[in-house]
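>>> Just to be clear, the model below is a prediction. Sequence and coordinates:
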Amino acid sequence: MTPTQVDVLVIGAGPSGSVAAAYLHNQNIKVKVVEKNIFPRFVIGESLLPRCMEHFEETGLLDCLKQQDFEIKRGARFLRNGNAYSFDFAEKSTEGWNWTWQVPRADFDKTLTDELEKKGVDIEFNTEVIEVTFNEDGSSCTTVKTPEGTTETILAKFIIDSSGFGRVLPRLLDLDAPAQIPKHASIFTHVVDSKRPAGEEGTLITFDVVKDESWLWVIPFSNGITSLGYVGPTEDLEAFKGTPSERLQQMLALSSHYHDRFIDCEFIFEPIIIKNISKAVTQLYGKGFALTGNSAEFLDPVFSSGVTFATESGLLAAKLATRQLRGERINWQIEYADYIKNGVDVFATYVREWYTGNFQKIFFREQDNVQIKKQITSVLAGYVWDTSNPFVKKHHRIIKTLAKVVDIESDPHTS
């Protein structure tokens with residue numbers, strides 16, 4: 001069979017791959033997308049951040065999403081020991097979108113790929129990458145397994161790996177690295193939210209801190225379904241006994257706020273367990289390829305950063321690949337790796353300081369400083385490249401410093 005020849009091969013049709021493919025197609029770059037799964041398919045990452053709305057808008061994918069009536073997310077709430085901390089994206093210090101969505105990813109991702117196919121983008125589902133070889137000039141030969149069980153060859157000038165947790169190139173090229181976030185696990189499912197309250201309480205995404213480093217996520221969708229998940233240290237999750245359903249029921253019992261609402265709900269599917277969820281790689285690019293989204297880095301679900309990093313990196317990789325294909329010399333280290341790493345490092349600081357307890361001290365202190373809250377809200381909205389924000393520029397030390405101030409305020413005798 002004659003090999004397929006394209007300018008760019010995109011591996012994976014999730015939000016990162018879809019944004020990348022849309023941009024490339026809009027630039028008249030010959031692009032092909034291969035996706036291992038058949039859509040619609042279940043995947044986590046159901047809470048978005050306002051920053052990613054810019055990516056959908058720029059690539060012409062926003063209107064099709066707006067038509068789906070997804071649950072609008074205007075902020076989020078954190079609970080701990082009866083205390084609540086809520087933030088509103090409209091009250092952030094950085095200019096940009098002030099709302100986004102909570103989405104069943106099966107429907108969300110299918111909407112994106114349907115729109116891409118409508119525009120004429122070549123997408124092959126149920127197609128698995130089994131081998132990739134790169135030539136000295138960066139061009140590549142990719143062998144895929146087709147739905148019929150045969151193999152096909154795709155020749156490409158560049159590859160964008162948006163394969164998510166499939167991590168195709170990190171696996172094939174041995175690029176995995178130790179994660180920078182402590183080892184955590186998650187267990188999650190969907191329920192028919194039959195006891196959902198009316199008004200904001202029934203629609204607001206909430207993170208309920210139930211035990212030390214452990215927390216429960218509650219993500220209501222507009223279709224009456226709610227996503228429930230529990231995240232905590234891997235060894236803590238392993239301490240719960242029984243089937244996945246029995247274990248998640250035990251975890252729900254730890255939430256005084258949500259116990260009555262969900263304890264009798266039937267799980268739509270047997271809860272899924274993922275251990276050691278944080279991922280990292282030794283490099284974000286190489287000659288002829290770039291890694292985007294979860295195929296490169298995944299931090300932690302606590303601040304819902306996954307899809308935003310996926311679309312940020314997918315769009316940027318597509319832009320740089322387009323310029324390179326048109327003859328420009330691209331410094332991938334500075335223009336791609338350093339840029340993406342800067343944003344990841346900011347969020348990683350907030351994730352680490354959440355689990356040390358320092359960020360939680362700031363969240364749950366008795367009195368808010370309005371300007372500080374606006375700046376923190378910008379970070380939590382995904383605007384982690386805005387270096388005019390001190391909570392971005394000084395992220396390595398500002399949380400620790402502010403946590404010490406909170407300790408002094410709560411106990412003036414603290415040294």
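Sure, I can see it.
>>> okay, CA-based contacts and neighbour counts for the rest of this
Noted.
>>> Low-confidence bits of this protein, can you list those?
The chain contains residues with pLDDT under 70 at 366-367, 410-415.
>>> What is the neighbour count of residue 269?
11 (other Cα atoms under 10 Å).
>>> so it makes contact with residue 189?
Yes: between residue 269 and residue 189 there is a contact at 6.3 Å, judged by Cα atoms under 8 Å.
>>> which residues of the stretch 301-415 of the chain fall in helices?
Here the stretch 301-415 of the chain has its helices, by DSSP state H, counting those that start in this stretch, at 306-325, 332, 339-356, 358-363, 370-380, 390-393, 395-410.
>>> Could I get those helices in a markdown table, plus columns for distance to residue 31 and mean neighbour count?
Output for these, formatted as a markdown table (distance: least, Cα to Cα, whole Å; neighbours: other Cα atoms under 10 Å):
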| stretch | distance to residue 31 | mean neighbour count |
| --- | --- | --- |
| helix 306-325 | 10 | 23 |
| helix 332 | 20 | 18 |
| helix 339-356 | 23 | 18 |
| helix 358-363 | 43 | 21 |
| helix 370-380 | 33 | 20 |
| helix 390-393 | 35 | 19 |
| helix 395-410 | 38 | 16 |
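>>> Is it possible to get those out as JSON lines so that each row also shows distance to residue 239?
Below are these laid out as JSON lines (distance: least, Cα to Cα, whole Å):
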{"stretch": "helix 306-325", "distance to residue 239": "27"}
{"stretch": "helix 332", "distance to residue 239": "44"}
{"stretch": "helix 339-356", "distance to residue 239": "19"}
{"stretch": "helix 358-363", "distance to residue 239": "25"}
{"stretch": "helix 370-380", "distance to residue 239": "31"}
{"stretch": "helix 390-393", "distance to residue 239": "36"}
{"stretch": "helix 395-410", "distance to residue 239": "31"}
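>>> Among those, which comes closest to residue 151?
helix 306-325 (26.6 Å; Cα to Cα).
>>> Residues touching the closest one, excluding its own?
Applying Cα atoms under 8 Å, 6 or more residues apart in numbering, the contact partners of helix 306-325 are 7, 15-17, 19-21, 23-24, 27, 29, 45, 47-49, 51-52, 55, 157-158, 160, 162, 290, 292-294, 298-300, 329-330, 336, 340, 344, 382.
>>> Which ones among those map onto strands?
Per DSSP state E, strands hold the following members of the contacts of helix 306-325: 7, 157-158, 160, 290.
>>> Would you reformat those residues as CSV and include distance to residue 92?
Rendered in CSV, the data for the ones in strands among the contacts of helix 306-325 read as follows (distance: Cα to Cα, whole Å):
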residue, distance to residue 92
7, 40
157, 41
158, 38
160, 33
290, 32
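>>> got a list of what the closest residue to residue 23 other than its chain neighbours touches?
Nearest residue to residue 23, sequence neighbours excluded (Cα to Cα, 6 or more residues apart in numbering): residue 59, at 5.3 Å. Taking Cα under 8 Å, 6+ apart as the criterion, residue 59 is in contact with 19, 22-23, 26.
>>> Restricted to helices, list these.
Per DSSP state H, helices hold the following members of the contacts of residue 59: 19, 22-23, 26.
>>> Buried ones among those?
Using 16 or more other Cα atoms under 10 Å as the burial test, the ones in helices among the contacts of residue 59 include 19, 22-23 as buried.
>>> Of the residues you listed, just say which sits nearest to residue 93.
Checking these against residue 93 with Cα to Cα, the nearest one is residue 19 at 26.6 Å.
>>> And the residue nearest to residue 23, how close does it get to residue 204?
Relative to residue 204, residue 59 is positioned 28 Å away (Cα to Cα, to the nearest Å).
>>> can you check residue 289 too?
Residue 289 sits 39 Å away from residue 204, going by Cα to Cα.
>>> Ok, which of the helices of the stretch 301-415 of the chain comes nearest residue 222?
Of all the helices of the stretch 301-415 of the chain, helix 306-325 sits nearest to residue 222, with 19.1 Å by Cα to Cα.
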